[in-house]
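Asker: Model the structure of this input:
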Amino acid sequence: MKKVISRKRFLHTAAQVAAVIADKTVENAIRNGISEHYDSVSGMPPGIPDYCMSSSIETMMLDGLTKKYQLKLKK
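Answerer: Model prediction:
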């Protein structure tokens with residue numbers, strides 16, 4: 001049985017919640033640039049060059065973990 005997170009009258013599966021989090025991570029990277037860490041309040045990166053998580057964000061999109069953002073390899 002899948003775990004269900006309830007919010008008032010809406011029910012969400014763990015996969016749906018994970019997709020929302022993954023989409024917000026991609027949105028933040030598009031808006032503020034890609035960084036290993038983000039300020040929890042502003043969402044801005046700390047400004048450390050050459051230390052980023054671009055491969056993790058790319059993998060989330062390639063593996064279909066995001067709902068809003070899709071990335072596919074060319075054949």
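
Asker: pLDDT below threshold where in this structure?
Answerer: Along the chain, the parts satisfying pLDDT under 70 run over 1-11, 35-38, 47-52.

Asker: need the strands for it, in chain order.
Answerer: Here the chain has its strands, by DSSP state E, at 4-7, 10-13.

Asker: Distance check, the most centrally placed residue in the chain against M61.
Answerer: The chain has A22 as the residue nearest its centroid, 2.2 Å off, counting by CA atoms, centre = their mean. Between A22 and M61 the distance is 8 Å, computed by CB to CB, to the nearest Å. For every residue, glycine as well, the C-beta is placed using N, CA and C.

Asker: quick revisit: the residue nearest to the centre of the chain contacts G64, correct?
Answerer: No: at 9.6 Å, A22 does not count as touching G64 under the criterion of CB atoms under 8 Å.

Asker: excluding its backbone neighbours, what's nearest T66?
Answerer: A22 (4.4 Å; CB to CB, 6 or more residues apart in numbering).
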